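> Build me a model from this:
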Amino acid sequence: MIQTPDADFDVTNIIQADEYAPLTANTADLDSMLGKDYGALKDIVINANPSLPPLSLLVLHGLLCERYKILSTVHTHSSVKYVPENLLKCFGEQTKKQSRHEYQLGFTLIWKDVPKPQMKFSIQTMCPIEGEGNIARFLFSLFGQKHNVVTSTLIDSWVDTAIFQLKEGSNKEKAAVLRSMNTTLGKTPWLGGNELTVADVVGWCALQQTSSSNAVPANVQKWMKSCENLAPFSSALKLLK
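Now for the predicted structure:
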């Protein structure tokens with residue numbers, strides 16, 4: 001419970017006071033987030049269905065590789081009969097093999113017959129995190145970005161909107177979301193404000209995987225190009241071809 005002497009405060013001041021730092025300027029403490037396990041590489045394991053590839057998780061993998069030294073591997077589960085070649089090589093050619101202890105993080109993707117993406121980073125001690133949006137939230141938290149409660153709620157809302165309305169909603173819902181995005185992006189360069197957040201990653205990927213990407217308003221088009229100027233986004237685009 002939050003108690004405040006004045007409940008009628010103006011959130012505008014909070015939003016303006018939010019401190020934005022470049023994505024590259026933050027580093028999360030992986031030990032505090034994933035637990036300290038002496039002598040073992042922290043390994044994030046994701047199960048995903050190749051018929052519905054979680055594009056946002058592949059973009060986030062690319063962004064994480066720019067920050068941390070990551071051991072990336074792709075496997076195919078026996079429940080899947082066929083995986084397209086581009087998805088088998090979605091992390092690029094894994095040619096440089098170094099000792100596991102030289103990496104900061106492991107990122108294992110298993111193409112498996114699952115209804116929705118699942119993630120674990122501790123096989124023994126946790127239940128899986130399910131859903132592309134939820135996994136994306138967790139992966140983006142590894143960048144160590146800090147936001148106040150208002151901005152965090154706004155970002156969280158955009159992630160849900162992208163998944164449930166833009167990606168899975170009706171044509172009417174998609175049109176409403178595009179109008180809302182266009183208004184927001186007319187005021188700020190990114191959905192969450194002045195810096196790239198998980199809302200942009202999930203929103204961009206949702207647009208790419210729906211027919212909505214063919215007819216988008218001007219501000220949304222400009223934002224999409226800004227995303228695609230970043231290497232992880234442009235690499236993910238190739239997987240759709």
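> going forward, measure contacts and count neighbours with C-alpha atoms only.
Noted.
> Give me the three-state assignment for the residue nearest the centre of the chain.
Geometric centre of the chain, nearest residue: residue 136, 3.6 Å, by C-alpha atoms, centre = their mean. Secondary structure, DSSP: H, G, I helix; E, B strand; the rest coil: residue 136 is helix.
> any idea how far the nearest residue to it once chain neighbours are set aside lies from residue 107?
In space, and not counting its chain neighbours, residue 136 is closest to residue 57: 6.1 Å by C-alpha to C-alpha, 6 or more residues apart in numbering. Note on residue 57: its distance to residue 107, by C-alpha to C-alpha, to the nearest Å, is 11 Å.
> And for residue 133?
Going from residue 133 to residue 107 by C-alpha to C-alpha gives 17 Å.
> Which of those two has more residues huddled nearby?
The residue with more neighbours, out of residue 133 and residue 107, is residue 133; 26 against 19, by other C-alpha atoms under 10 Å.
> got the contact list for residue 186?
By C-alpha atoms under 8 Å, 6 or more residues apart in numbering, the residues touching residue 186 are residue 219.
> Could you measure from it over to residue 217?
Distance, residue 186 to residue 217, by C-alpha to C-alpha: 10 Å.
> got a list of contacts for stretch 60-77?
24, 27, 83, 88-89, 91, 94, 100, 103-113, 136, 139-140, 143, 201, 231-232.
> buried subset of those residues?
88, 91, 105-113, 136, 139-140, 143, 201, 232 (16 or more other C-alpha atoms under 10 Å).
> What segments of the protein are strands?
Along the chain, the segments classed as strands by DSSP state E run 43-48, 70-76, 105-111, 118-120, 129-130.
> how about these in JSON lines, adding mean pLDDT and distance to residue 239?
Shown next, in JSON lines, are the strands of the chain (pLDDT from 0 to 100; distance: least, C-alpha to C-alpha, whole Å):
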{"stretch": "strand 43-48", "mean pLDDT": "92", "distance to residue 239": "15"}
{"stretch": "strand 70-76", "mean pLDDT": "92", "distance to residue 239": "15"}
{"stretch": "strand 105-111", "mean pLDDT": "92", "distance to residue 239": "15"}
{"stretch": "strand 118-120", "mean pLDDT": "92", "distance to residue 239": "20"}
{"stretch": "strand 129-130", "mean pLDDT": "92", "distance to residue 239": "23"}
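> just so I know, which of those lies nearest residue 221?
Set against residue 221 and scored by C-alpha to C-alpha, these come closest in strand 43-48, at 28.9 Å.
> Remind me what that closest one packs against, helices and strands.
On a contact count with 3 or more C-alpha pairs under 8 Å, 6 or more residues apart in numbering; DSSP states H and E, strand 43-48 meets strand 105-111, strand 118-120.
> residues in contact with the residue nearest to the centre of the chain?
56, 57, 60, 198, 202.
> Return the member of these nearest to residue 165.
When these are compared for distance to residue 165 (C-alpha to C-alpha), residue 202 wins out at 12.1 Å.
> how close does the closest residue to residue 227 other than its chain neighbours get to residue 149?
Counting by C-alpha to C-alpha, 6+ apart, residue 227 lies nearest to residue 233, which is 6.3 Å off, once chain neighbours are set aside. The gap separating residue 233 from residue 149 is 28 Å, by C-alpha to C-alpha.
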